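Colleague: the following block contains a protein sequence and its predicted model.
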Amino acid sequence: MGTVQYPLTVLYCGNCTLPIEYCEYHPEHDKCKQWLEKNLPDEFEKILIVNDALDEEGGEEKKRQKRGGKGVVKSRKKEEGPKVVYISRAPRGKKKSVTVVQGLSSFDIDLKVASKFFGTKFACGSSVTGEDEIVIQGDVKDDLFDVIPDKWPVIDEDFIEDLGDQKR
Ligand SMILES: [Zn+2]
């Protein structure tokens, strides 16, 4: 029923003769551990626990490895940004250019209706060329910044992004 009292004196390792807390720095640390396990099993346990804790914290070297290597890969969610209408100019032929409008359908705008509207408005050809793309035959890019918000007030001029000239 008595509790075991450990002497407060320093315990020395039978293998390397160093105080046991320094054993781990001894080249024959493995032999030290064997000796400890055999002769001072309680101390051996304690040291094991301490070493485990050190592994958790990481020695200097480990810390450095963690800082440098183990990159925290935060999966960046693709934020659904605000709806945007993209307008760009694309060359057609030597002198002509067309205007490409993308993103209208994200404002629930019927592309066919929009295309027809542009054709009428600018008196030129206009057609739906993709899932969310209208090509207007003519350089009307600058006009669109006024025309689109006028026609569809839900699309503020700020929602229209000028992608500039498309390169071929
Ligand atoms: Zn030792």
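Modeller: Right, received. Where do you want to start? Numbers count the residues shown, from 1 in each chain.
Colleague: Phe159 contacts Val85, correct?
Modeller: Yes - counting by C-beta atoms under 8 Å, Phe159 does reach Val85; the two are 5.9 Å apart. Every residue, glycine included, has its C-beta placed from N, CA and C.
Colleague: and the two? which has more neighbours close in?
Modeller: Val85 (24 against 18; other C-beta atoms under 10 Å).
Colleague: that one and the ion, how far apart?
Modeller: 75 Å (C-beta to the ion, to the nearest Å).
Colleague: same check on Val154?
Modeller: From Val154 to the ion the distance is 78 Å (C-beta to the ion).
Colleague: returning to what we had before: who touches both of Phe159 and Val85?
Modeller: Residues within reach of Phe159 and of Val85 at once, by C-beta atoms under 8 Å, 6 or more residues apart in numbering, are Phe107.
Colleague: for the ion, what are the nearby residues on the chain?
Modeller: Within reach of the ion by C-beta under 5 Å from the ion, the chain has these residues: Cys13, Asn15, Cys16, Cys23, His26, Cys32.
Colleague: so what's the fifth one up against?
Modeller: This means His26. Cys13, Asn15, Cys16, Leu18, Cys32.
Colleague: swap the cut-off to 6 Å and go again
Modeller: Cys16, Cys32 (C-beta atoms under 6 Å, 6 or more residues apart in numbering).
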